[in-house]
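1. predicted model follows, preceded by the sequence.
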Amino acid sequence: MIKPPSLQSGFSLVWSKDPALKLPEDPDEAARALKVATETGNWSSLIADGQQPSVFHFEALTRRELGWWDGERRHSQIHARPLSPIEANDLLIRIALRSVDNFGPHKVERTAAAGGVPGLADEKIIEVINTAAPSALAEFADAIIERSRGPRPLF
């Protein structure tokens, strides 16, 4: 019998270059540690004593949300053209991002969206993340896509 796995729908990410992280010196070991933390959601072993990283909380995309995003990516209703890769990544993050901890005064505000998507994070948070940590947006988009392709079972 085909049975869907028990899924962890929400997940939290920390930017790999967050100053609160203490990563192994060896690049391969650092990459492995980040992969494990990303997959399990357990960042505690990578956080420097007394530090608090910015933690971004996402919700896994539903099939409907992923389909809507793919349609917008190919031909945006707002822009009347295909989205650039950066615009597509930003939209993906706006669909999945629910909240953020320890990111100064910045909060995630969600607005209504079309096409069966329950809401989008406001574009302002994307600009704030980009200003603070430009490479974080690409990391987050990659993780969201990875989760959408192969949902993780609960640990």
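-> Done, it's in.
2. did I read that right, residue 98 in a strand?
-> Yes. Residue 98: assigned to a strand according to DSSP: H, G, I helix; E, B strand; the rest coil.
3. give me the neighbour count for it.
-> As a burial measure, residue 98 scores 14 neighbours (other Cβ atoms under 10 Å). Every C-beta, even on glycine, is put in place using the N, C-alpha and C of the backbone.
4. okay, it: pLDDT?
-> Looking at residue 98, its pLDDT reads 96.
5. pull the longest helix from the chain.
-> helix 134-149 (DSSP state H).
6. tell me what that helix is packed against?
-> strand 10-13, strand 55-59, helix 85-96, helix 123-132 (3 or more Cβ pairs under 8 Å, 6 or more residues apart in numbering; DSSP states H and E).
7. who's in contact with the residue nearest the centre of the chain?
-> Central residue check for the chain by Cα atoms, centre = their mean: the C-alpha nearest the mean position is that of residue 140, 3.8 Å away. By Cβ atoms under 8 Å, 6 or more residues apart in numbering, the residues touching residue 140 are 13, 15, 56, 58, 93, 97.
8. which residues of this protein score low on pLDDT?
-> The chain contains residues with pLDDT under 70 at 1-8, 114-116, 150-155.
9. returning to what we had before: residues of the longest helix of the chain that come out buried?
-> With burial defined by 16 or more other Cβ atoms under 10 Å, the residues of helix 134-149 counted as buried are 136-137, 139-141, 143-144, 147-148.
10. just put these in CSV and tack on distance to residue 22.
-> Converted to CSV, the buried residues of helix 134-149 look like this (distance: Cβ to Cβ, whole Å):
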residue, distance to residue 22
136, 18
137, 23
139, 18
140, 21
141, 25
143, 21
144, 25
147, 25
148, 30
